[in-house]
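Chemist: Could you work out the structure for the sequence below:
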Amino acid sequence: MKKKLAVIALGGNALLRSEQNGTIEEQEKNTYDTLRNIIFMLKDYNIVITHGNGPQVGNIMLRNDAGEELYEIPQMPLDVCVADSQGGIGYMIERVLRNVLMEEKIQREVISLITQVVVDNKDTAFENPTKRVGRIYTKKEADELTKEKGWIFKPSPKVEAGWRRVVASPKPINIFNIKAIEKLVTEGNIVIATGGGGIPVYIDAEKQIRPVEAVIDKDRASSLLASKIKADEFYILTDVNYVYVNYRQHNEKKLDFLNRQDALDYLKAGKFGEGNMAPKIRAALSFVENGGKKSVITEAIKLPDKTFGTKITVEYED
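Modeler: Take a look at the predicted model:
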């Protein structure tokens, strides 16, 4: 019987939890626990794994800063930092997953790909950068860096008098090596790709591939990947069991199922947090609107129990 094809986006506490320091031991333990919870899918599915990189790429940028300040080591641009995080996290997931596969006596190859994702350098997101990256600076330091490097800064909401660099989060429009990814996964290989939303690049007037200082939403890029490889299902693993409207308010409501229109109505009414759940809902909707059969948003530890998680389809049917 032909296996279904699924894209699984790891996020939330799948790799690094907010209360942790970020040691490799912590990250490997979290990764192992997460992968143990998706291994059951290999019986019926071929899978592509995508992942976030927020804390990791932030730490890479901090090392960038320290190297420049202490040892005059030239800083690497944001696209190289994202590539760096893709390589490190992809290696960790691949190695840990190989160990899990050996424990379960499952024969599958695991392949990590450094993935470039194409954006439009005229995307309106570049007119109003909103994604905070890197360390916190004083106003004086921020002004000096704006003059020296052209960086844009906004006040940090968490630190009084602190300023952080902001970059755009443009819409992903294409993914390199998509045919190779589709071929590899349909042949039964487990593919790790589009880490951190992908390395942001654009095509210039001379048809040359150029880097761009931006970050791409991981779930949005994962949704695009799932659509392009014609996946049957798309899973977003986060740190809650279900999607809720009015989350953590007195009128909080758990959603087991969502169809397209209900999801759009809730989004329009602002029932999902823009800083967390709303982008995931949009990514899940995009997948089913482009031919996917089902999106699921849930916590990694609940994935084996198919009664958990919010299921999103164009029109849900029992």
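
Chemist: Which stretches in the stretch 101-250 of the chain count as helices?
Modeler: Counting by DSSP state H, counting those that start in this stretch, the stretch 101-250 of the chain has these helices, from start to end: 139-149, 178-186, 218-228.

Chemist: Return the angle between stretch directions for the shortest one and helix 218-228.
Modeler: In other words, helix 178-186. Counting by axes from the mean of the first three to the mean of the last three CA atoms, to 10 degrees, helix 178-186 lies at 80 degrees to helix 218-228.

Chemist: cool, and the first one?
Modeler: For helix 139-149 and helix 218-228, the angle between their directions (the same axes, to 10 degrees) works out to 40 degrees.

Chemist: could you give the mean pLDDT of helix 139-149?
Modeler: In this model, helix 139-149 has a mean pLDDT of 95.

Chemist: cool, the shortest one as well?
Modeler: The average of the pLDDT scores along helix 178-186 is 98.

Chemist: That helix packs against which elements?
Modeler: Helices and strands touching helix 178-186, by 3 or more CB pairs under 8 Å, 6 or more residues apart in numbering; DSSP states H and E, are strand 45-51, strand 190-192, helix 218-228. The C-beta positions use only the backbone N, C-alpha and C, and glycine is treated the same way.

Chemist: picking up where we left off before, which one of the helices of the stretch 101-250 of the chain is the most hemmed in?
Modeler: helix 218-228 (a mean of 26; mean count of other CB atoms under 10 Å).

Chemist: List of residues touching that one?
Modeler: 7, 9, 11, 48, 50-53, 117, 171-173, 175, 178, 181-182, 193-194, 196-198, 234, 236, 279-280, 282-284, 286-287, 290-292 (CB atoms under 8 Å, 6 or more residues apart in numbering).

Chemist: for Asn177, what are its contacts?
Modeler: Listed by CB under 8 Å, 6+ apart, the contact partners of Asn177 are Leu113, Thr115, Ala193.

Chemist: With adjacent residues omitted, what lies nearest to the first one?
Modeler: Of all residues not flanking Leu113 in the chain, Ala193 sits nearest, at 4.6 Å (CB to CB, 6 or more residues apart in numbering).

Chemist: Next, count neighbours for that neighbour.
Modeler: 30 (other CB atoms under 10 Å).

Chemist: can you list the domains in the chain?
Modeler: 4-120+171-312, 129-167 (automatic domain parsing).

Chemist: Of those, flag the one that's most buried.
Modeler: Note that of the domains of the chain, domain 4-120+171-312 is the most buried (mean count of other CB under 10 Å), with a mean of 18.

Chemist: Rebuild the contacts of Asn177 as JSON lines, extending it with pLDDT and distance to Arg98.
Modeler: Formatted as JSON lines, the contacts of Asn177 follow (pLDDT from 0 to 100; distance: CB to CB, whole Å):
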{"residue": "Leu113", "pLDDT": "98", "distance to Arg98": "16"}
{"residue": "Thr115", "pLDDT": "98", "distance to Arg98": "20"}
{"residue": "Ala193", "pLDDT": "98", "distance to Arg98": "17"}
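
Chemist: Between those, which sits nearest Ala161?
Modeler: Ala161 lies nearest to Thr115 out of the contacts of Asn177, by CB to CB, at 38.0 Å.

Chemist: any idea which element Leu267 lies in?
Modeler: Leu267 belongs to helix 260-268 when elements are defined using DSSP states H and E.

Chemist: quick one: low-confidence ranges for the stretch 101-250 of the chain?
Modeler: Counting by pLDDT under 70, not a single residue of the stretch 101-250 of the chain qualifies.
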